[in-house]
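[1] my questions concern the predicted model and sequence given below.
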Amino acid sequence: MSGAALIASGLLVPTVGAAGIALAGRWPDLRESITLGTAALLFASVLALVPQVLAGGRPQLFVLELMPGIALGFRVEPLGMLFALIASGLWIVNSIYSIGYMRGNEEAHQTRFYVCFALAIAATIGIAYSANLLTLFLFYEMLTLITYPLVTHHGDAEARAGGRVYLGLLLGTSIVLLLPAVIATWWIAGTLEFLPRGILPPGTSNATIGLLLALAMFGIGKAALMPFHRWLPAAMVAPTPVSALLHAVAVVKAGVFTVVKVIVYVFGVDTLAQLRSADWLAPVAGFTIIAASVIALRSDNLKRRLAYSTVSQLSYVVLAGALLTPLSVVGAVLHIAAHAVSKITLFFAAGAIYTASGKTEVSQLDGIGRRMPWTMVAFAIGALSLIGIPPAAGFVSKWFIFSAAAAGAQYVALVVLAVSTVLNAAYFLPIVYAAFFRAPAAGSEAHGEAPWTMVAAMMVTSILVLGFAAYLGVPLALARALAGA
Amino acid sequence: MTLAHLPALEVVVPLIAAPLTLVLRRASVAWILTMAACAFSFVAALLLAMEVARHGPISYAIGSWPPPWGIEYRVDALSAFMLVLVAGIATVVAPFAGRSVALELPAGQGYLFYTMYCLCVAGLLGMSITGDAFNLFVFMEIASLSSYVLIALGRDRRALLASFQYLILGTIGATFFVIGVGLLFLKTGTLNLADMAERLQGMRTDRSVLAALAFITVGMSLKAALFPLHLWLPNAYAYAPSAVTAFLAATATKVSVYVVLRFYFDVFGLVLLTEVLPMPGILRTLSILAIVTASLVALWQSDLKRLFAYSSVAQIGYITLGASLATVDGLTASIVHLFNHGITKGALFLLLGIVAYHAGGTPLSGVRGLARSMPLTSFGIVLAGLSLVGVPGTAGFVSKWYLVLASFEAGHWWLGGLVVATSLIALAYVWRFVEAAYLSAPSGAMPTARDAPLSLLVPAWVLVAACIWFGFDTSFTVEAARRAALQLLEVAR
């Protein structure tokens, strides 16, 4: 198939799949088969684009004109390619996991769940492929709205409160900060196309660029830069598969993806590096990394701890992007991939623990490794990866970010990275230790592993974490193509 | 031959349909006749709009008396745009009205509703098409008087009070307008708008002209419900029959804003507005006050119809805010929002009408758990609500985009910030419905009825679909609005 047809199928497959899921709502087995089939088909259509993009091609598709002069258009470049690969590939694993989780916990409204999930993936692909800032913004907002029913899935007072924070912060930041930045960019540059060296005309004043950058960076609320991070812990009221794929992979990665995309393709790395108008960004990201790690350390609720860990890890990407060197951009892109596979493993484990034992707090996990060895081994692998221990995925991306910081003599960044590594260890290792080496609390009920589909999903992602080196070539090649390194 | 007379037929067909419905006396026949008349006007409006886009403005002399002595109908980009909006909404609302009338009016009086409806449509179309100041006043009175009756037909007895309130304020407004027109006639000796504009060239600082401007501004602001002259609107919208609310909310105030634009830019001109008087500043201040206060008031309403009625007052503020910038993009934003807000509010009030039939009213507490019993209605309200907020992919976003862009171009960065910030208030009040309908348990007395019949749902969803359609395809709305804006500014200079 041609590039344009593959792009169209990337958007249409999950959308049509969602319709199929809705129609098959009365037959759960058929419904889940459609989900899995759709996910597999989507991944295949994304994968088929990789050779073209690696060969330097930029397949594109223009649908219609949204506004005079601005199209609803798609163009696949390396960064979007990688993001689409991650989201669609992990959707397959996550769907297998969802089946076990939703049935094991006897959740209500399962059809709505799978429909919204498929539509959320469609919006994610739209973000990944978008050719200009307005198309990206359109799908960015769609993703927020489509995930809202997933966040408020339980429909109780807690879900309502979580949903308010979620929607309020995500739509609030994007409408009040990001949208004016988009419109001002259109006014100043006369285009919103993503171009490799940025689109701001030469001679744009330093103050204007600084203001636009601030509006964009804080306006992309999905990247969870402090102080606009609170939506992410609030989103944890959702069922765990949602937290795993959307709030560890698709939604938050849409945030940092947009951050990197805007830095590279709208502002231009060289422009920002020369003008020094992005100098404030690295300290802000560094602060977020440390502060979120400290909060994670103090959270007893497992999903909340993981959520704050995500906030912190997202700022790794922002920090790496803000260092503005080719090497750091490679590190940022690789960290998007590495954190995705690691964090989804951790969330899978948290959901498995909840499904099998009903436990949600870290302090309840003493000795659970004896009852759920597979789950806790997967958890340990995910944790070690995020701490940055070889040969896990997290090590590779951290290596690049460390190297870039060292090469650029960015001492603040180096200190932040070092301190945060210690903090990561401090909030992950005690869980692993308690699970395997502490005796279970007296009187706790006997239980085994979670349903096999959940365990299988965890094993797959664990292998993806450990075997990162085996497939590193693809993300690395894409990252290098983006950074021009 | 007939095509040449389209401008006249546009108005005459619904005008003739009105007495015919009265003679026929059967509600069902009157209904069909009304639908046919509205559909004819809509098709004619589309044809006129295409003709204007291709060959420029059309001038039609009524009774072949050449202007400025006879009455001139003048179809330019702006009036064609208004004709499409008014006739389009009338065509969508008319099928909905069938059941609305059967449910809300005493049996045997149904045909009277259609008489008034046709008169109101004819009046609003006439206001949009005429190029004659006094003829405009006549059509305004036709539209106003029929809308007083339509509002009074509401089931709730408070509809009578609402109608009376509107009658008093509307009459004051119309009187002010006609005083203004009278003053202009005294000074210029003509009623033809284009002729009047020419003769006003030399007398821009004349006291009588300034007084005329003041009278027309206040009079039309009353009809357009521009803050702080909006007091009649919430009650009128809340207690009128549902079809009437939807039709008036989508068209009546919009046509009044159109008249203001017409007089400001075509008759008085920019020199008078900006150099002699500080009109942009005044209009901008009032618009900001309208947006902020009415949005906040909407947030605290406990009834959905009142909530969205206050939201209308705020949205009119956005329309006049764009006009107050007096730039191409500002006027484009203003004109495109006339249309986009028209279809959005039309959709919302039709859907609320459905809710009212099935739940007995539209208090927020009464729509708890509504999504379960009426999924299509609820989801329609959510989509139209998103258009009201201005989420990308909806018509409302297009308006917001141009309004913010125009603010930036005019150097008013803070104004762009205000526009986006206040759209968050809209998000908050729309989300009050979402949380009640989707995330609350039904309050017990909820009827278990399935969703509304298709005769109600289809018209409402046509407008919901339009809200989405015009969010993606802006070729009709933005281009027509831009042409109209360019034309207004060209004449104004």
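    Cool, got the structure. Numbers count the residues shown, from 1 in each chain, chains lettered A, B, ... in the order given.

[2] so which residues on chain B come close to chain A?
    Contact residues, chain B versus chain A (C-beta under 8 Å from any C-beta of the partner chain): B:386, B:390-393, B:398, B:400-401, B:404-405, B:408-409, B:416-417, B:420-421, B:423-424, B:427, B:431, B:435, B:438-439, B:472-475, B:478-479, B:482. For the C-beta atoms, the positions are set from N, CA and C on the backbone; glycine is no exception.

[3] mind giving me the ChimeraX command for buried ones among these?
    Buried residues within these, by 16 or more other C-beta atoms under 10 Å in any protein chain shown, are selected in ChimeraX with:
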select /B:386,390,391,392,393,398,400,401,404,405,408,416,420,421,423,427,431,438,439,472,474,478,482
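
[4] okay, and which of the residues of chain B next to chain A map to strands?
    Judged by DSSP state E, the subset of the residues of chain B next to chain A located in strands is empty.

[5] run a quick neighbour tally on the closest residue to chain B within the stretch 301-450 of chain A.
    In the stretch 301-450 of chain A, the residue found nearest to chain B is A:Lys303; the distance is 20.7 Å by C-beta to the nearest C-beta. If you count neighbours by other C-beta atoms under 10 Å in any protein chain shown, A:Lys303 ends up with 24.

[6] element containing it?
    If you go by DSSP states H and E, A:Lys303 is part of helix A:302-322.

[7] gap between that helix and the chain center?
    Distance of helix A:302-322 from the chain centroid (C-alpha atoms, centre = their mean, to the nearest Å) equals 10 Å.

[8] CA atoms of it as PDB?
    The C-alpha trace of helix A:302-322 is given here as PDB (Å, rounded to 0.1, in the frame of the first residue of the first chain):
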ATOM      1  CA  LEU A 302       0.900   2.000  44.700                       C
ATOM      2  CA  LYS A 303      -0.800   3.600  41.600                       C
ATOM      3  CA  ARG A 304      -0.200   7.100  43.000                       C
ATOM      4  CA  ARG A 305       3.400   6.300  43.500                       C
ATOM      5  CA  LEU A 306       3.600   5.100  40.000                       C
ATOM      6  CA  ALA A 307       1.800   8.200  38.800                       C
ATOM      7  CA  TYR A 308       4.300  10.500  40.400                       C
ATOM      8  CA  SER A 309       7.100   8.400  39.100                       C
ATOM      9  CA  THR A 310       5.600   9.100  35.600                       C
ATOM     10  CA  VAL A 311       5.500  12.800  36.300                       C
ATOM     11  CA  SER A 312       9.100  12.700  37.100                       C
ATOM     12  CA  GLN A 313      10.100  10.500  34.200                       C
ATOM     13  CA  LEU A 314       8.200  12.700  31.700                       C
ATOM     14  CA  SER A 315      10.400  15.600  32.800                       C
ATOM     15  CA  TYR A 316      13.400  13.500  31.800                       C
ATOM     16  CA  VAL A 317      12.200  13.800  28.300                       C
ATOM     17  CA  VAL A 318      11.500  17.500  28.600                       C
ATOM     18  CA  LEU A 319      14.900  18.000  30.300                       C
ATOM     19  CA  ALA A 320      16.700  16.100  27.500                       C
ATOM     20  CA  GLY A 321      14.800  18.100  24.900                       C
ATOM     21  CA  ALA A 322      15.700  21.400  26.700                       C
END
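
[9] how about the nearest residue to B:Ile335, chain neighbours excluded?
    Of all residues not flanking B:Ile335 in the chain, B:Ala481 sits nearest, at 4.0 Å (C-beta to C-beta, 6 or more residues apart in numbering or on different chains).

[10] contact partners for the one you found?
    Counting by C-beta atoms under 8 Å, 6 or more residues apart in numbering or on different chains, B:Ala481 makes contact with B:Phe81, B:Leu331, B:Thr332, B:Ile335, B:Val336, B:Phe339.

[11] quick one: which of those residues has the most company?
    If you count neighbours using other C-beta under 10 Å, the busiest of these is B:Ile335, which has 32 neighbours.

[12] what mean pLDDT does the host helix or strand of that residue get?
    Using DSSP H and E, B:Ile335 sits within helix B:328-359. Taken as a whole, helix B:328-359 has an average pLDDT of 91.

[13] spell out which parts of the stretch 101-250 of chain A neighbour chain B.
    A:134, A:137-138, A:141-142, A:145, A:149, A:152, A:155, A:159-160, A:163-164, A:167, A:171-172, A:175-176, A:179-180, A:183-184, A:186-187.

[14] B:Pro453 against B:Ser100, yeah?
    No: checked against C-beta atoms under 8 Å, the pair B:Pro453 and B:Ser100 is beyond contact range at 11.9 Å.

[15] give me the more crowded residue out of the two.
    Comparing B:Pro453 with B:Ser100 by other C-beta under 10 Å, the one with more neighbours is B:Ser100, at 27 against 11.

[16] for the more buried one, give its distance to chain A.
    With the distance defined as C-beta to the nearest C-beta, to the nearest Å, B:Ser100 ends up 31 Å from chain A.

[17] not counting sequence-adjacent ones, nearest residue to that residue?
    Distance criterion C-beta to C-beta, 6+ apart; nearest residue to B:Ser100, sequence neighbours excluded, is B:Ala243 at 4.0 Å.

[18] give the contact list for the residue in the stretch 101-250 of chain A that chain B sits nearest to.
    The nearest approach of the stretch 101-250 of chain A to chain B comes at A:Leu138, 4.3 Å away (C-beta to the nearest C-beta). Applying C-beta under 8 Å, 6+ apart, one finds that A:Leu138 lies in contact with A:Leu66, A:Leu72, A:Gly126, A:Ser130, B:Pro392, B:Gly393.

[19] redo those as JSON lines? Include distance to B:Thr377 and pLDDT.
    Listed next are the contacts of A:Leu138 as JSON lines, based on distance: C-beta to C-beta, whole Å; pLDDT from 0 to 100:
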{"residue": "A:Leu66", "distance to B:Thr377": "29", "pLDDT": "85"}
{"residue": "A:Leu72", "distance to B:Thr377": "29", "pLDDT": "90"}
{"residue": "A:Gly126", "distance to B:Thr377": "28", "pLDDT": "93"}
{"residue": "A:Ser130", "distance to B:Thr377": "33", "pLDDT": "93"}
{"residue": "B:Pro392", "distance to B:Thr377": "24", "pLDDT": "91"}
{"residue": "B:Gly393", "distance to B:Thr377": "21", "pLDDT": "90"}
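
[20] can I get the strand of greatest length in chain A in CSV? Just the C-alpha atoms.
    Counting by DSSP E, the longest strand found in chain A is strand A:60-67. C-alpha atoms of strand A:60-67 as CSV (Å, rounded to 0.1, in the frame of the first residue of the first chain):
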residue,chain,number,x,y,z
GLN,A,60,1.8,12.3,3.6
LEU,A,61,-1.9,12.7,3.3
PHE,A,62,-4.0,15.9,3.1
VAL,A,63,-7.7,15.5,3.8
LEU,A,64,-9.3,19.0,3.7
GLU,A,65,-8.7,22.6,4.6
LEU,A,66,-9.6,23.3,8.2
MET,A,67,-9.1,27.0,7.9
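
[21] what packs against it?
    Using 3 or more C-beta pairs under 8 Å, 6 or more residues apart in numbering or on different chains; DSSP states H and E, the elements in contact with strand A:60-67 are helix A:3-23, strand A:70-75, helix A:133-151.

[22] is the second one in proximity to chain B?
    Right, the one you point to is strand A:70-75. Yes: using C-beta under 8 Å from any C-beta, strand A:70-75 reaches chain B at A:Leu72.

[23] still on that earlier bit, nearest to B:Val355, of the contacts of A:Leu138?
    Using C-beta to C-beta, B:Gly393 is the member of the contacts of A:Leu138 that lies nearest B:Val355, at 24.4 Å.

[24] tell me the pLDDT at the residue lying closest to that closest one once chain neighbours are set aside?
    Using C-beta to C-beta, 6+ apart and skipping residues adjacent in sequence, the residue nearest B:Gly393 is B:Gly471, 4.9 Å away. B:Gly471 is assigned 90 on the pLDDT scale.
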